[in-house]
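J.: Sequence and predicted structure are below.
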Amino acid sequence: MNANKNYKCYNNKKKELSPPMENISRRTFLKGVLAGSTALFINGCFPNLLPKTQTDPELTPNVEFVIRSQEGILPLFAGKETVVWRYKGEVTKGDPVALAALDGSYLGPIFHVERGQIVRIHYQNQLPESSIIHWHGLHVPPEADGHPRLAIDGGETYVYTFEVTDRAGTYWYHPHPHGRTAKQVMAGMAGLFIVHDDEERALGLPAGQNDLPLVLQDRVIDRSNQFVYAPGGMMHQMTGFLGNQILVNGFLDYQLSVRTEAYRLRLLNGSNARIYKVAWDDGTPITVMATDGGLLETPVVKPYVVVAPGQRLDIWVDFGGEPIGSLKKLVNLGHEAPGGTHTFDLVRFRLAEQGKLYPLLPEKLSTHEKFSVDDAVNTNQPRLFTLAMGRGMRFTINGRVFQMNQTAPDESVRLNDIEVWEFDNTVFGGMGMMGGMSVPHPMHIHGLQFRILSRDQSRVDRWLWNSLADGLIDDGWHDTVLVLPGERVRVLVKFEDYTGLYLYHCHNLEHEDMGMMRNYRITA
Ligand code: C2O
Ligand code: CU
Ligand code: CU
């Protein structure tokens with residue numbers, strides 16, 4: 001990776017981020033904050049300046065963090081050490097359990113926060129290039145959302161303050177500078193952001209040592225153990241960058257010792273482009289308990305589950321009946337989406353110890369606040385987003401690529417409106433030899449969780465559809481939905497609490513960096 005250690009004074013420059021020129025609703029004004037300090041120092045060293053923050057008493061943080069992005073050198077594989085870019089950090093105010101390091105991994109520490117907490121995160125960029133952290137899946141004010149326009153240079157600090165309003169669930173964080181997200185994630189920058197709440201705790205679900213993160217990522221690793229990121233070329237523009245080695249939580253051949261007990265497995269697809277089709281090796285059905293936005297109303301049982309880039313799925317498993325010494329494996333099954341031909345092991349669970357009897361997974365997990373398609377302002381006329389390929393073989397949304405500060409007239413929505421959005425991937429892009437080709441797009445909307453209303457798969461290739469359909473989890477709350485080539489997917493969205501500029505984009509990170517990303521604006 002581009003390791004440039006000779007940049008200047010990285011730890012004492014700070015940058016003031018003035019509020020974006022938005023109409024800021026009262027709630028945004030009170031709760032959303034930005035902070036940062038003064039002036040934009042491009043070069044040179046300056047004394048440490050205290051960031052200015054909102055002084056509203058509502059925003060007094062319950063827990064405060066410092067997170068740094070920095071280069072590191074880790075013994076990840078046998079032989080030579082690997083240069084990574086990663087997040088490190090600590091709790092500077094509040095209970096230290098709010099941040100849990102993943103020992104030995106390049107992945108960032110795992111946040112454990114409570115719904116209702118006010119968190120403040122001082123992000124210090126110690127990399128030789130600009131970056132910004134996005135809290136994927138969280139409903140936060142625009143100033144705290146990590147939009148690329150807020151990216152800070154190496155040596156600068158960005159302070160996020162927000163209330164955690166989201167349901168308990170598995171969220172995550174990663175860089176979001178424009179054009180370099182893919183590269184920075186590939187270099188190691190990503191981590192989980194887990195929200196807990198009383199509703200969930202009351203269920204007595206597997207917790208503590210029985211609550212395991214499983215971050216799925218692929219990499220190309222060269223002979224000197226370095227991550228190779230060389231996108232480019234027609235194939236990568238189409239499919240995104242696909243690695244040939246699978247890392248789970250940052251490790252090859254991931255194996256865990258477990259007890260004969262029930263576990264919650266929090267799957268995150270943190271890969272740039274790879275779609276996983278996850279199953280138990282012995283054919284045991286998969287029990288899904290939560291999606292991107294937290295617990296399902298009731299568990300869903302599937303023969304396998306499909307996890308697209310950016311998505312999370314929490315799986316419940318009871319190893320109760322398994323003999324000590326046996327192995328149970330989560331595998332990836334081959335499928336027809338790009339890069340999906342191979343079947344390989346993801347995680348091996350070695351039954352190491354007798355455990356205690358565990359309660360069954362409750363049949364009722366949660367009640368989802370009901371707003372329905374009938375409440376939408378455009379029930380019969382979805383806001384349409386056509387996914388296609390434009391000039392230069394870049395994927396576009398309604399014919400457009402990313403513009404840093406702009407929105408088109410059809411990208412403006414009203415606060416508190418409920419809308420139906422449709423992602424249409426039926427227009428096969430390109431001319432000549434590329435005509436008739438398209439690829440899956442995991443479409444992600446910032447700032448909210450949505451419902452998946454319907455899929456029209458009548459124009460999806462049968463082989464492709466049949467290889468994935470039984471593993472799509474459309475129940476529950478989502479922030480990312482897989483739209484297959486030939487497919488039209490409708491989702492129900494609601495714009496709450498904050499006005500301003502948010503993103504929606506394809507979470508295939510190569511597509512995103514190439515411009516398959518747009519702003520939408522919530523207006524009062
Ligand atoms: Cu996880 Cu805008 O992305
Ligand atoms: Cu996001
Ligand atoms: Cu895409």
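T.: Done, it's in. Bear in mind the structure is a predicted one, so any value in this text is a computation, not a measurement. Ligands and ions are numbered 1, 2, ... in the order given.

J.: Write out the residues of the stretch 151-300 of the chain neighbouring ligand 3.
T.: Counting by Cβ under 5 Å from the ion, no residue of the stretch 151-300 of the chain lies close to ligand 3. Just so you know, the C-beta spots here come from the backbone N, C-alpha and C atoms, and that holds for glycine as well.

J.: just the strands in the stretch 401-524 of the chain please.
T.: Assigned strands in the stretch 401-524 of the chain, in chain order: 412-414, 418-424, 441-445, 451-456, 480-483, 488-494, 500-506, 517-523 (criterion: DSSP state E, counting those that start in this stretch).

J.: In the first one, which residues are buried?
T.: In other words, strand 412-414. Going by neighbour count (16 or more other Cβ atoms under 10 Å), the buried part of strand 412-414 is Val413.

J.: List the strands paired with that strand, with their directions.
T.: Note on strand 412-414: by DSSP bridges, its sheet partners are strand 517-523 (parallel).

J.: Next, the angle from the strand it pairs with to strand 441-445.
T.: 30 degrees (axes from the mean of the first three to the mean of the last three Cα atoms, to 10 degrees).

J.: Adding distance to Glu369 and mean pLDDT, write the strands of the stretch 401-524 of the chain out as JSON lines.
T.: Putting these into JSON lines (distance: least, Cβ to Cβ, whole Å; pLDDT from 0 to 100) gives the following:
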{"stretch": "strand 412-414", "distance to Glu369": "20", "mean pLDDT": "98"}
{"stretch": "strand 418-424", "distance to Glu369": "12", "mean pLDDT": "98"}
{"stretch": "strand 441-445", "distance to Glu369": "18", "mean pLDDT": "98"}
{"stretch": "strand 451-456", "distance to Glu369": "11", "mean pLDDT": "97"}
{"stretch": "strand 480-483", "distance to Glu369": "19", "mean pLDDT": "98"}
{"stretch": "strand 488-494", "distance to Glu369": "10", "mean pLDDT": "98"}
{"stretch": "strand 500-506", "distance to Glu369": "21", "mean pLDDT": "98"}
{"stretch": "strand 517-523", "distance to Glu369": "19", "mean pLDDT": "98"}
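
J.: Any chance of CSV for those, columns distance to Pro362?
T.: Formatted as CSV, those follow (distance: least, Cβ to Cβ, whole Å):
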stretch, distance to Pro362
strand 412-414, 36
strand 418-424, 29
strand 441-445, 30
strand 451-456, 22
strand 480-483, 26
strand 488-494, 26
strand 500-506, 34
strand 517-523, 36
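
J.: need the contact list for the closest residue to ligand 3 within the stretch 1-150 of the chain.
T.: Closest residue of the stretch 1-150 of the chain to ligand 3, Cβ to the ion: His136 (16.0 Å). Going by Cβ atoms under 8 Å, 6 or more residues apart in numbering, His136 touches Tyr171, Trp172, Tyr173, His174, Phe193, Gly310, His444, Asp479.

J.: List phi and psi for it.
T.: The phi/psi pair for His136 (degrees, to the nearest 10) reads phi -70, psi 120.

J.: Against ligand 1, how distant is it?
T.: 4 Å (Cβ to the nearest ligand atom, to the nearest Å).

J.: Give me the neighbour count for Met404.
T.: Neighbours of Met404 under the rule other Cβ atoms under 10 Å: 11.

J.: Just give the closest residue to it, not the sequence neighbours.
T.: Arg149 (5.4 Å; Cβ to Cβ, 6 or more residues apart in numbering).

J.: pretty sure that neighbour is in contact with Asn405, am I right?
T.: Yes - if you go by Cβ atoms under 8 Å, Arg149 and Asn405 touch, sitting 6.2 Å apart.

J.: anything in contact with each of the two?
T.: Leu501.

J.: Now do stretch 367-384: distance from first to last residue.
T.: Stretch 367-384 has its terminal residues 30 Å apart, counting by Cα to Cα, to the nearest Å.

J.: hmm, who's touching it?
T.: 297, 398, 410, 413-414, 417-422, 424, 453, 476-477, 490, 492, 494.

J.: Quick one: distance of that stretch to the chain centre.
T.: Counting by Cα atoms, centre = their mean, to the nearest Å, stretch 367-384 is centred 24 Å from the centre of its parent chain.

J.: Just the buried residues of that stretch, please?
T.: So for stretch 367-384, counting by 16+ other Cβ under 10 Å, buried means His368, Ala376, Pro382, Arg383.

J.: circling back: farthest pair in the contacts of His136?
T.: Phe193 and His444 (15.2 Å; Cβ to Cβ).

J.: Against Gly447, how distant is the residue of the stretch 1-150 of the chain closest to ligand 3?
T.: Separation of His136 from Gly447 (Cβ to Cβ, to the nearest Å): 11 Å.

J.: what does Arg383 give?
T.: 15 Å.

J.: again, but for Leu59
T.: Leu59 is 19 Å from Gly447, by Cβ to Cβ.

J.: Who is the residue lying closest to Gly294 once chain neighbours are set aside paired with across the strands?
T.: Leaving aside its chain neighbours, Gly294 sits nearest to Gly169 (3.2 Å; criterion: Cβ to Cβ, 6+ apart). Taking DSSP bridges as the rule, Gly169 bridges to Val195.

J.: same check, this time on the one 5 residues further on
T.: The partner list for His174 in beta bridges (DSSP bridges) reads His134.

J.: likewise Cys506?
T.: Met443.

J.: I'd assumed His444 was in contact with it.
T.: Yes - in this structure, Cys506 is within contact of His444 by Cβ under 8 Å, at 7.3 Å.

J.: The two: which is more packed in?
T.: Counted by other Cβ under 10 Å, Cys506 and His444 do not tie: Cys506 has more neighbours, with 29 against 24.

J.: domains in this protein, as residue ranges please.
T.: 8-201, 208-353, 373-523 (automatic domain parsing).

J.: Could you export those domains as CSV, including distance to ligand 2?
T.: CSV is the format used below for the domains of the chain (distance: least, Cβ to the ion, whole Å):
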stretch, distance to ligand 2
domain 8-201, 4
domain 208-353, 7
domain 373-523, 5
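
J.: What parts of the stretch 301-450 of the chain come near ligand 1?
T.: Gly310, His444, His446 (Cβ under 6 Å from any ligand atom).

J.: Let's have the residues you listed in a markdown table, adding distance to ligand 3.
T.: A markdown table is the format used below for these (distance: Cβ to the ion, whole Å):
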| residue | distance to ligand 3 |
| --- | --- |
| Gly310 | 11 |
| His444 | 10 |
| His446 | 16 |
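
J.: now, which of those sits nearest Phe241?
T.: Nearest to Phe241 among those, with distances taken as Cβ to Cβ, is Gly310, at 14.7 Å.

J.: contacting residues for that closest one?
T.: His136, Asn269, Pro442, His444, Asp479, Thr480, His507.

J.: and the gap between the closest residue to it other than its chain neighbours and Thr181?
T.: Among residues not flanking Gly310 along the chain, His507 sits closest, at 3.5 Å (Cβ to Cβ, 6+ apart). As defined by Cβ to Cβ, His507 lies at a distance of 10 Å from Thr181.

J.: same check, this time on His112
T.: 25 Å.

J.: neighbour-wise, which of these two wins?
T.: Set His112 next to Thr181 and count neighbours by other Cβ under 10 Å: Thr181 wins out with 25 against 18.

J.: from what I can see that one touches Ala187, true?
T.: No - contact criterion Cβ under 8 Å: Thr181 and Ala187 do not qualify, at 10.8 Å.
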